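1. The sequence and its predicted three-dimensional model are supplied below.
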Amino acid sequence: ETGVTQTPRHLVMGMTNKKSLKCEQHLGHNAMYWYKQSAKKPLELMFVYNFKEQTENNSVPSRFSPECPNSSHLFLHLHTLQPEDSALYLCASSQESASTDTQYFGPGTRLTVL
Amino acid sequence: KQEVTQIPAALSVPEGENLVLNCSFTDSAIYNLQWFRQDPGKGLTSLLLIQSSQREQTSGRLNASLDKSSGRSTLYIAASQPGDSATYLCAGPWRSEKLVFGKGTKLTVNP
């Protein structure tokens, strides 16, 4: 596979469930990102990892827990979510930082919280 | 606080028309300005990235300009086609890693 892949593409979960979103990039990049896209809101940055280290947490509630075991993989662990967390969750990667490098996005995971 | 605004929120044009999408931002100390395309329910595809030292970038029928002093960027699409129908997003980082996005302009090109 090439580019940035995300699994699953669709996820429905109850508020008491625990689930994880997975992102994998095949571009040799060093920075990875999680974004949330809700209806009628701008795309919001959630987390940034640079060389496996978290460098940005954009005031995200603790029910979202990211994990970056290596530069190619990024996870978002979900626990006791709320219905308002339903959104499209996008993963992206770039060579290093957004100041100079284009970000490449995955297709997203459409999350529905019941 | 940096903010990015895109007007109009939606635009419908006939095929073949040249069009301009607008993006404005509140802080002129932008690192770069990026334009993306998003098809319904899909991820984003990067179209053009203009560094802060540049004035414009071109790719095929697309031309993007950046005027930092006025806080504006435009995306010009020449000879529009139905396949150009999508939502177009602009975004800029003001710090090294954090992209701030506009809400996008939904473009419909009618055959």
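-> Good, I have the coordinates.

2. Which of the residues in stretch B:64-73 are classified as buried?
-> Of all the residues in stretch B:64-73, those buried under the rule 16 or more other C-beta atoms under 10 Å in any protein chain shown are B:64, B:65, B:66, B:68, B:71, B:72, B:73. Any C-beta I mention is one placed from the backbone N, CA and C, and that applies to glycine too.

3. Any figure for the gap between residue B:31 and residue B:1?
-> Distance, residue B:31 to residue B:1, by C-beta to C-beta, to the nearest Å: 16 Å.

4. Those two: which has the busier surroundings?
-> residue B:31 (19 against 6; other C-beta atoms under 10 Å in any protein chain shown).

5. thought that one was touching residue B:98?
-> No. Counting by C-beta atoms under 8 Å, residue B:98 is not a contact partner of residue B:31; they are 9.8 Å apart.

6. in chain B, what spans have low per-residue confidence?
-> B:96-97 (pLDDT under 70).

7. Can you give me every residue that contacts residue B:108?
-> By C-beta atoms under 8 Å, 6 or more residues apart in numbering or on different chains, the residues touching residue B:108 are B:10, B:11, B:12, B:13, B:85.

8. Pull up the pairing partners for the helix or strand where it lies, direction included.
-> Element membership of residue B:108, judged by DSSP states H and E, is strand B:105-110. When pairs are called by DSSP bridges, strand B:105-110 turns out to pair with strand B:10-14 (parallel), strand B:86-93 (antiparallel).

9. so which of the ones you listed is the most packed in?
-> strand B:86-93 (a mean of 24; mean count of other C-beta atoms under 10 Å in any protein chain shown).

10. Identify all contacting residues around that strand.
-> A:43, A:97-99, B:2, B:4, B:6, B:21, B:23, B:25, B:30-40, B:44, B:47, B:73, B:75, B:99-102, B:104-107.

11. Could you verify my assumption that residue B:8 touches residue B:105?
-> Yes. If you go by C-beta under 8 Å, residue B:8 and residue B:105 touch, sitting 6.1 Å apart.
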